[in-house]
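*Asks:* here's a sequence, model it:
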Amino acid sequence: MLEGITTIIFDLGGTLKDEGVWEWHADYLEVKRLAKKYKIVIAANQPKMARKFIEHSKISSDISAIYLSWEINLHKPSKKFFQYVLNDLDLKPTEVVYVGNDLINDIRTPKKLGIRTIFITRPLKLIWMKNFVANLLFIHPDYVVKSIEEIR
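*Replies:* Presented below is the predicted three-dimensional model:
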């Protein structure tokens, strides 16, 4: 799953934290394990207050970079959002995997750019209909996991 990967980019809402609230998922500390081998980045459609949430967490020292849509004025699923992150980190798409819970915002565009994708199947609350439509459009991730612990 991570062969040839140097950087894991995580979505925040629904992936690392619960949808719609400022609470981490139970497995978010698995990021510490991954950070021992990979550069960890968060790139998400989130307001500026998300930075404080991340920076005051137990994983803050393991995060190499944070890209929040409201700070960079680019939003997923825009191709420009993902290209901005790659360019800023001086990364090739083949060196990166993007982990997210939204097939349209987190999977479709990275795949088009040649970035490997991991879809994390959290209990769907706010985006269940969007993911249903994405399946009808044949948007499929490279890998599907139930938790961060499965990412190896």
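
*Asks:* residue 143 contacts residue 120, correct?
*Replies:* No. In this structure, residue 143 is not within contact of residue 120 by C-beta atoms under 8 Å, at 9.5 Å. Every residue, glycine included, has its C-beta placed from N, CA and C.

*Asks:* quick one: least confident helix or strand in this structure?
*Replies:* helix 128-136 (a mean of 64; mean pLDDT, DSSP states H and E).

*Asks:* hang on, the earlier thing: of residue 143 and residue 120, who's got more company?
*Replies:* residue 120 (25 against 15; other C-beta atoms under 10 Å).

*Asks:* what's the neighbour count on residue 69?
*Replies:* Using other C-beta under 10 Å: residue 69 sits among 18 other residues.

*Asks:* what's whichever strand or helix holds residue 71 packed up against?
*Replies:* If you go by DSSP states H and E, residue 71 is part of helix 69-72. Where contact means 3 or more C-beta pairs under 8 Å, 6 or more residues apart in numbering; DSSP states H and E, helix 69-72 is packed against helix 79-89.

*Asks:* rewinding a little: neighbouring contacts of the helix holding residue 71?
*Replies:* 44-48, 51, 75-76, 81, 84 (C-beta atoms under 8 Å, 6 or more residues apart in numbering).

*Asks:* report the buried members of these.
*Replies:* If you count burial by 16 or more other C-beta atoms under 10 Å, the buried members of the contacts of helix 69-72 come out as 44-46, 76, 81, 84.
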